[in-house]
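A.B. asks: Here you go, sequence then predicted model.
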Amino acid sequence: MLELYDNSRLIIFMFGLRKNNSCFFLTNFTLFSESAGRERDTHTERERERERERMCKRRVAVVGAGISGLVSAYVASTAGVEVVLYEKEEYLGGHAKTVTMDGVDVDLGFMVFNRVTYPNMIEFFETLGVDIEISDMSFSVSLDEGNGCEWGSRNGLSGLFAQKRNVLNPYFWKMIREITKFKDDVLRYLEELENNQDLSRNETLGDFLKSHGYSELFQNAYLVPVCSSIWSCPAEGVKSFSAFSVLSFCRNHHLLQLFGRPQWFTIRWRSQTYVKKVREELEKRGCQIRMGCIVQSITKVDNCCLVVCKDGSRETYSECIMATHAPETLKMLGEEATHEERRILGAFNYVYSDIFLHRDKSLMPQNPSAWSSWNFLGTVDNKVCLTYWLNVLQNIDDKGPPFLVTLNPPRTPKHMMLKWTTGHPVPSVAASKASLELNQIQGKRGIWFCGAYQGYGFHEDGLKAGMLAANGMLSKSCEILKDPKHMVPSLMETGARFFVARFLKDYIAMGSLILLEEGGTMFTFEGTRKKSNFKVYLKVHNPQFYWKIATKADLGLADAYINGDFSFVDKKEGLLNMFMIFIVNRDLESCAQKSRKRGWWTPMILTAGVASAKYFYHHISRQNSLTQARRNISRHYDLSNELFALFLDDTMTYSCAIFKNEDEDLKTAQMRKISSLIEKARVDKEHKVLEIGCGWGTLAIELVKRTGCKYTGITLSEEQLKYAETKVKEAGLQDKIRFLLCDYRQLPHTYKYDRIISCEMLEAVGHEYMEEFFSCCESVLANDGLFVLQFISIPDRRYDEYRRSSDFIKEYIFPGGCLPSLSRVTSAMVASSGLCVEQVENIGIHYYQTLRYWRKNFMEKQSKILALGFNQKFIRTWEYYFDYCAAGFKTHTLGDHQVVFSRPGNTVALGDPYKGIASAYSLN
């Protein structure tokens with residue numbers, strides 16, 4: 001049976017982004033938990049290496065290369081096992097069969113899936129990087145060539161009442177009412193059985209229908225066609241199915257209602273795309289693939305599995321995974337099959353169908369209004385005939401006659417292109433019982449069994465069976481994803497989704513952002529300009545995602561990520577690339593023209609304006625007065641010295657490093673930055689040096705070791721002060737270095753320093769206090785002194801808008817913070833001091849690499865961060881922070897300037913014409 005029916009102000013960033021946040025499947029397939037992958041300590045690595053060495057001694061045969069075989073081979077080979085994959089056909093994929101006809105690629109078997117009932121399949125595709133697209137999923141019934149009842153769901157009411165007489169047909173209206181009743185009856189029935197395991201599950205579907213008094217029209221024009229289409233069985237066969245199995249399937253696949261079902265998808269470029277990707281991964285891992293190789297028998301010889309092929313070849317393996325239909329598996333096991341194997345596997349029966357690819361429209365409903373994706377054609381002899389309309393299922397843009405696939409047509413179709421035969425397991429009562437007993441035979445003789453027959457018979461079932469069999473063979477636990485709840489937004493959330501979608505549609509002219517709702521729909525926002533290759537898959541877990549963005553703009557986006565309302569398929573770069581997409585679109589000329597029509601302050605809906613006002617008030621209330629400045633600093637820098645030590649390098653330097661190449665380690669790059677500050681300050685032994693914002697003391701120790709100068713450092717962080725004093729004591733430099741818990745405004749003006757260094761402290765001064773900062777610095781700087789200042793900067797043209805608003809960084813990371821523009825710094829210098837600029841250098845591009853190091857270290861130490869008392873929300877907040885900033889620096893939206901200030905006429909410090917101020921890029 002085909003699997004077609006398997007129904008079974010928005011972004012306002014710190015860096016001025018205005019217009020006008022693998023995975024379970026990868027975890028299971030790499031056989032390591034995500035948390036284990038993050039804690040890469042030496043002990044864990046040794047354990048993994050020993051495990052891999054043990055696996056490499058195993059040689060496993062996988063028989064059958066459908067979805068179960070491919071997945072089990074993928075899991076085993078990923079664990080280091082030597083795998084040989086056997087397939088009797090000349091192609092891989094089983095039901096995933098793609099053919100080319102009239103220059104068009106079409107799928108004949110596996111075609112569609114959704115995010116509700118295919119969660120593991122979706123994760124697999126995301127792991128492989130398989131693109132998907134929206135598919136149309138609808139159903140029609142046409143009895144007696146349109147002379148009986150005919151209706152369809154694709155065209156709404158016009159399809160439902162394709163036969164106009166049904167508008168006044170009381171029996172038809174009764175059928176519609178019974179569809180609603182059917183859902184309630186089924187849910188009650190299943191709840192009762194699932195809550196009481198002692199109740200018998202032997203009732204057939206026919207028994208259920210009879211006991212609940214459903215009409216003949218409901219059975220013949222709705223339920224039987226649906227079930228017959230799914231399992232390719234005539235009416236009487238359907239009614240003999242297990243009621244529990246069939247009705248569970250209908251519930252899980254949202255078949256209990258005509259409308260309001262999950263959105264369906266198909267693989268872009270057809271199913272062989274994913275098969276090809278799996279094959280490539282298998283071959284990378286050394287898996288041998290033998291197509292066109294028919295396995296005749298599997299026997300046990302000296303505790304090994306002997307695989308004998310039709311061509312006479314014989315090979316032994318430590319274990320074997322049978323990923324074939326149950327009857328084929330029993331045939332290969334032959335006389336050696338145990339009683340339990342024959343009893344359990346023998347309970348699974350199959351129905352086989354002839355499948356025709358053609359372009360004969362006569363095998364569709366008579367009324368075009370009823371045409372749907374899959375169309376049940378009832379015949380007088382009750383045989384199953386089902387036609388799939390591939391054009392709408394697979395988004396085939398072809399102007400000729402439709403591409404159609406028909407199962408078991410009453411005659412050979414006209415314009416036939418291809419014939420294929422395939423089988424599908426039948427969900428009988430016996431099969432339902434046998435599926436609960438599979439553990440009795442799994443691995444008992446070194447033979448493992450998997451296949452879609454172990455579930456409902458579809459791709460998702462085959463994939464799960466392959467995962468379980470391979471992990472069972474490896475003695476690994478395997479958590480199967482459960483079907484997520486179908487996401488149904490509230491009325492307000494639906495409205496918010498509309499506004500957010502409209503905004504993104506207009507905003508994104510470059511790159512691609514795909515929203516994948518968990519158990520819901522997919523939205524694609526793709527620009528027509530091809531200059532950007534960024535493509536991001538964002539997974540929406542909670543419809544509050546839309547409401548938060550619509551009502552709180554950029555802070556709503558941050559809040560949604562922090563609270564786990566959305567995540568990314570690409571765990572490493574998805575969040576970063578989302579920010580990159582927003583930035584590149586912000587800078588497009590077309591966006592600039594639109595933003596002139598719509599001010600940056602204009603929220604998408606009124607409530608966003610209310611939220612903006614609230615956060616702006618928060619920002620204003622945190623201005624850096626003497627009292628508030630200490631509170632602001634403490635909120636970030638006093639979190640925990642142990643926390644910062646987990647992601648910073650050994651120097652505990654929390655500012656932009658300077659790299660020579662992309663592979664250089666962070667500590668070396670940070671020491672180069674420290675050297676650049678020392679070189680630019682031209683410090684000698686006789687100098688008294690002041691550092692404003694001394695951090696954890698690394699620059700102090702390095703400076704004194706190199707020059708022998710006298711050093712004073714000030715900070716507002718009590719935790720930094722304690723750490724720095726401890727390090728200085730360990731270095732034995734207490735006589736040269738002193739630290740003060742002191743605000744720059746509290747420095748005595750009577751004491752002068754020959755040099756002042758301040759590295760990325762200016763961002764905590766605030767717009768309102770910039771002039772006072774420079775005034776204080778000048779008042780404590782000796783006449784022939786130098787002042788070296790490093791600070792993060794924002795472009796001048798965005799500065800005024802940025803400083804008047806709150807954003808993620810100000811709200812969550814650095815309260816009271818404000819990035820100055822370069823002109824704001826120089827204008828404050830001119831207005832409040834007699835200083836002048838001697839050198840300016842921008843090292844901002846290195847901050848991207850610095851932040852990526854910090855993020856990597858941070859994410860790998862999650863368990864240790866949690867042990868310090870922080871929670872997952874904190875971790876997501878800081879992950880957002882690192883990527884948020886990294887995107888700004890990578891796009892040069894943010895800068896990081898090193899500026900050397902002096903007084904005019906300073907010949908003592910700068911008088912040598914042959915000794916220029918050192919460049920940060922000239923240091924080794």
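C.D. replies: Happy to help now that I have it. Predicted, not measured: the structure shown is a model, and the values here were computed from it.
A.B. asks: Can you give me the buried ones in the longest helix along the chain?
C.D. replies: Counting by DSSP state H, the longest helix found in the chain is helix 170-195. The neighbour-count check on helix 170-195 (16 or more other Cβ atoms under 10 Å) flags 172, 175, 178, 182-183, 185-186, 189-190, 193 as buried. Every residue, glycine included, has its C-beta placed from N, CA and C.
A.B. asks: so can I have TSV of those showing distance to residue 633?
C.D. replies: Listed next are the buried residues of helix 170-195 as TSV, based on distance: Cβ to Cβ, whole Å:
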residue	distance to residue 633
172	73
175	71
178	69
182	64
183	59
185	64
186	61
189	63
190	59
193	62
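A.B. asks: Nearest to residue 728 among those?
C.D. replies: Taking Cβ to Cβ as the measure, residue 728 sits nearest to residue 190 out of these, at 70.0 Å.
A.B. asks: now residue 575: how far from residue 561?
C.D. replies: Counting by Cβ to Cβ, to the nearest Å, the gap from residue 575 to residue 561 is 7 Å.
A.B. asks: next one: residue 399
C.D. replies: To residue 561, residue 399 is 45 Å away according to Cβ to Cβ.
A.B. asks: Just want to know which of these two has more residues nearby.
C.D. replies: For residue 399 versus residue 561, neighbours defined as other Cβ atoms under 10 Å are more numerous around residue 561 (26 against 4).
A.B. asks: That one is in contact with residue 881, isn't it?
C.D. replies: No. Applying Cβ atoms under 8 Å as the test, residue 561 and residue 881 come out as separate, 10.6 Å apart.
A.B. asks: If you count residues, where's the longest strand of the protein?
C.D. replies: Assignment by DSSP state E gives strand 781-793 as the longest strand of the chain.
A.B. asks: follow-up on the earlier one: and the buried residues of helix 170-195, which is closest to residue 484?
C.D. replies: For these, the nearest to residue 484 is residue 190 (18.5 Å; Cβ to Cβ).
A.B. asks: Confirm residue 306 sits in a strand?
C.D. replies: Yes. Looking at residue 306 with DSSP: H, G, I helix; E, B strand; the rest coil, it is inside a strand.
A.B. asks: Give the bridge partners for it, please.
C.D. replies: Residues in a beta bridge with residue 306, per DSSP bridges, are residue 299, residue 316.
A.B. asks: Do me a favour and get the end-to-end distance for stretch 450-470?
C.D. replies: Across stretch 450-470, the terminal residues are separated by 9 Å (Cα to Cα, to the nearest Å).
A.B. asks: and the longest strand of the chain, what's its mean pLDDT?
C.D. replies: Across strand 781-793, the average pLDDT comes to 97.
A.B. asks: What's the first helix or strand after the helix or strand containing residue 463?
C.D. replies: Residue 463 belongs to helix 459-473 when assigned by DSSP states H and E. Downstream of helix 459-473, the next assigned helix or strand under DSSP H and E is helix 491-507.
A.B. asks: so residue 874 sits in a strand?
C.D. replies: No. Counting by three-state DSSP, residue 874 is not part of a strand but helix.
A.B. asks: Determine the three-state secondary structure at the closest residue to it other than its chain neighbours.
C.D. replies: Sequence neighbours aside, residue 865 is the residue nearest to residue 874 in space, at 7.4 Å (criterion: Cβ to Cβ, 6 or more residues apart in numbering). Under three-state DSSP, residue 865 falls in the helix class.
A.B. asks: Repeat that for residue 817.
C.D. replies: Applying three-state DSSP: residue 817 is coil.
A.B. asks: neighbouring contacts of stretch 504-517?
C.D. replies: For stretch 504-517, the surrounding residues in contact (Cβ atoms under 8 Å, 6 or more residues apart in numbering) are 10, 19, 115, 122, 263, 487, 522-529, 531-540, 543, 569, 578, 580-582, 584-585, 588, 590-591, 594.
A.B. asks: And that stretch, how far out from the chain middle?
C.D. replies: Chain-centre distance of stretch 504-517: 15 Å, with Cα atoms, centre = their mean, to the nearest Å.
A.B. asks: cool, stretch 713-720 as well?
C.D. replies: 39 Å.
A.B. asks: and it, how far apart are its ends?
C.D. replies: This stretch, stretch 713-720, spans 11 Å end to end (Cα to Cα).
A.B. asks: For it, buried residues please.
C.D. replies: For stretch 713-720, the buried set under the neighbour-count rule, 16+ other Cβ under 10 Å, comprises 713-717, 719-720.
A.B. asks: ok, of the residues you listed, which one's closest to residue 780?
C.D. replies: Nearest to residue 780 among the buried residues of stretch 713-720: residue 714, at 10.6 Å, using Cβ to Cβ.
A.B. asks: what bridges to the closest one?
C.D. replies: residue 692, residue 740.
A.B. asks: Do I have it right that it meets residue 744?
C.D. replies: Yes. Residue 714 sits in contact with residue 744 when judged by Cβ under 8 Å, with a separation of 6.6 Å.
A.B. asks: Find the residues that touch each one of these two.
C.D. replies: Going by Cβ under 8 Å, 6+ apart, residues that sit against residue 714 and also against residue 744 are residue 692.
A.B. asks: how about the helices in the stretch 351-500 of the chain?
C.D. replies: Counting by DSSP state H, counting those that start in this stretch, one finds helices in the stretch 351-500 of the chain at the ranges 390-393, 429-435, 459-473, 491-507.
A.B. asks: Touching, the residue nearest to residue 874 and residue 872? I think so.
C.D. replies: No. Between residue 865 and residue 872 there is no contact under Cβ under 8 Å: 9.5 Å.
A.B. asks: Comparing these two, which shows the higher neighbour count?
C.D. replies: Taking other Cβ under 10 Å, residue 865 and residue 872 do not tie; residue 865 has more neighbours (21 against 13).
A.B. asks: got the contact list for the more buried one?
C.D. replies: Shown in contact with residue 865 (Cβ under 8 Å, 6+ apart): 643, 646, 858, 874-875.
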